[in-house]
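K.L.:
have a look at this prediction, sequence included:
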Amino acid sequence: MLTNEDIIRSLYALAEASSKDTDKFISLFAEDGYFYDVPGGRKYYGKEIGLPVDAMVAAFPDMHRELYDIYVKDDVVIVELALQGTHKGDFYMADGILPATGERMDAPCCDVFHLKDGKVTSFHCYNLPSVILQQLGVLENLGAALKRG
């Protein structure tokens, strides 16, 4: 039987650009489970759970999550990590689309998971948009960098 840490490590592996499998990623969630992009203020349910994974790989085709520390307490798993990748595609944001900059990001992140019966019931992603945008070279003039639809 897989441990909660094993399940979360599998989840990350399925979100890597080199081994992405969105359907398998979604299958690790409970029927009523969700993915919460905390800074974006949006929760994803059902098939939509895979949208953030697909969007990140589209914007960062070499997307990698470097896992630093994993803390497990019963059905809660907390992961300290870095989001790493080169910005080569459109990056969809709340206020518009950031076209590829060619810049690399290596941004800190913290994810909190709750699991029940071997399935993820909640995934809260706490990434740092200001750090990502600064690393992509657009924080100083974000409004001018965004395409609006």
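P.N.:
Perfect, thanks for sending it.
K.L.:
contacting residues for the closest residue to Glu103 other than its chain neighbours?
P.N.:
Sequence neighbours aside, Leu136 is the residue nearest to Glu103 in space, at 4.7 Å (criterion: C-beta to C-beta, 6 or more residues apart in numbering). C-beta here means a position set from N, CA and C on the backbone, and glycine is covered the same way. Going by C-beta atoms under 8 Å, 6 or more residues apart in numbering, Leu136 touches His87, Phe91, Leu98, Thr101, Glu103, Met105.
K.L.:
format the residues you listed as TSV; extra columns: neighbour count and distance to Gly41.
P.N.:
Converted to TSV, the contacts of Leu136 look like this (neighbours: other C-beta atoms under 10 Å; distance: C-beta to C-beta, whole Å):
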residue	neighbour count	distance to Gly41
His87	23	22
Phe91	24	17
Leu98	21	18
Thr101	17	24
Glu103	14	25
Met105	22	21
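K.L.:
from the residues you listed, which is closest to Ser130?
P.N.:
Using C-beta to C-beta, Met105 comes nearest to Ser130 of these, at 11.8 Å.
K.L.:
run through the bridge partners of that closest one.
P.N.:
Listed by DSSP bridges, the beta-bridge partners for Met105 are Gly85.
K.L.:
again with Tyr34
P.N.:
Assessed by DSSP bridges, Tyr34 has beta-bridge partners Tyr45, Ser122.
K.L.:
OK, contacts around it?
P.N.:
Contacts of Tyr34 were listed using C-beta under 8 Å, 6+ apart, and they are Lys43, Tyr44, Tyr45, Ile49, Thr121, Ser122, Phe123.
K.L.:
for ChimeraX, write a command that selects the buried ones of those residues.
P.N.:
This is the ChimeraX syntax for the buried subset of the contacts of Tyr34, where burial follows 16 or more other C-beta atoms under 10 Å:
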select :44,49,121,122,123
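K.L.:
and the furthest pair within the contacts of Tyr34?
P.N.:
Counting by C-beta to C-beta, the most remote pair of those is Tyr44 and Thr121, 13.5 Å apart.
K.L.:
hey, where'd the strands end up in the chain?
P.N.:
With DSSP state E as the criterion, the chain has strands at 29-37, 42-45, 64-73, 76-86, 91-93, 96-98, 104-116, 119-127.
K.L.:
out of those strands, which gets nearest to Arg9?
P.N.:
Nearest to Arg9, of all those, is strand 64-73, at 7.5 Å by C-beta to C-beta.
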